[in-house]
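Undergrad: structure for the following, please:
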Amino acid sequence: MTKNSPPQETASQLIDARISELGDWRGAMLAHVRALIRQADPDVVEEWKWRGVPVWSHDGIICTGETYKNVVKLTFAKGASLDDPSKLFNASLDGNLRRALDLHAGDHIDAGAFKALIRSAVKLNRAKAR
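TA: Purely as a prediction, here's the structure:
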């Protein structure tokens, strides 16, 4: 950073800005799942990758939060290795590594089941980090 360059925004600030700029159900949904992620793992690290994708990590990527015209997609990096007894995953089910949760306007997410999934992803990351 040079003396005259503007200060860089943090990943959390960039995610805040994305939520605000969406200004519709997608922003509200992204804010809601973000809050659940933070509740499930208070030590989660927020990152901004791949030219504008919110990423939540703890000893490795937990999940990404992509927003499209008709869906908020939460992709779990190691989702295929996670137990999903509540059947939250509804996309990318055939992959060998990832699993995703596609949320549409009006969808409700089971907060308890989602937080359990986040905690499981963190536990898996910690085990692989050792």
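Undergrad: helices along the chain, start to end?
TA: Taking DSSP state H as the criterion, the chain carries its helices at 11-22, 25-40, 111-129.
Undergrad: and the first one, what's its mean pLDDT?
TA: Spelled out, it's helix 11-22. The average of the pLDDT scores along helix 11-22 is 92.
Undergrad: re earlier: save the helices of the chain as a markdown table, and put in mean neighbour count and distance to Ile62 too.
TA: C-beta coordinates here come from the backbone N, C-alpha and C atoms, glycine included. Formatted as a markdown table, the helices of the chain follow (neighbours: other C-beta atoms under 10 Å; distance: least, C-beta to C-beta, whole Å):
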| stretch | mean neighbour count | distance to Ile62 |
| --- | --- | --- |
| helix 11-22 | 15 | 14 |
| helix 25-40 | 18 | 7 |
| helix 111-129 | 17 | 5 |
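Undergrad: with distance to Leu103 added, can I get the ones you listed in TSV?
TA: Output for the helices of the chain, formatted as TSV (distance: least, C-beta to C-beta, whole Å):
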stretch	distance to Leu103
helix 11-22	13
helix 25-40	5
helix 111-129	10
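Undergrad: and of the ones you listed, who's closest to Val71?
TA: Counting by C-beta to C-beta, Val71 lies closest to helix 25-40 out of those; the figure is 8.1 Å.
Undergrad: that closest one relative to helix 11-22, how many degrees between them?
TA: Orientation check (axes from the mean of the first three to the mean of the last three C-alpha atoms, to 10 degrees): helix 25-40 against helix 11-22 gives 150 degrees.
Undergrad: using PDB, list the CA coordinates for helix 25-40.
TA: Provided in PDB are the C-alpha atoms of helix 25-40 (Å, rounded to 0.1, in the frame of the first residue of the first chain):
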ATOM      1  CA  TRP A  25     -34.800 -10.800  -0.300                       C
ATOM      2  CA  ARG A  26     -31.300 -12.000  -1.400                       C
ATOM      3  CA  GLY A  27     -29.700  -9.500   0.800                       C
ATOM      4  CA  ALA A  28     -31.900 -10.300   3.700                       C
ATOM      5  CA  MET A  29     -31.300 -14.100   3.200                       C
ATOM      6  CA  LEU A  30     -27.500 -13.600   3.000                       C
ATOM      7  CA  ALA A  31     -27.600 -11.500   6.200                       C
ATOM      8  CA  HIS A  32     -29.700 -14.100   7.900                       C
ATOM      9  CA  VAL A  33     -27.400 -17.000   7.100                       C
ATOM     10  CA  ARG A  34     -24.400 -14.900   7.900                       C
ATOM     11  CA  ALA A  35     -25.800 -14.300  11.400                       C
ATOM     12  CA  LEU A  36     -26.400 -18.000  11.800                       C
ATOM     13  CA  ILE A  37     -22.900 -18.800  10.700                       C
ATOM     14  CA  ARG A  38     -21.500 -16.400  13.300                       C
ATOM     15  CA  GLN A  39     -23.700 -17.800  16.000                       C
ATOM     16  CA  ALA A  40     -22.600 -21.300  15.200                       C
END
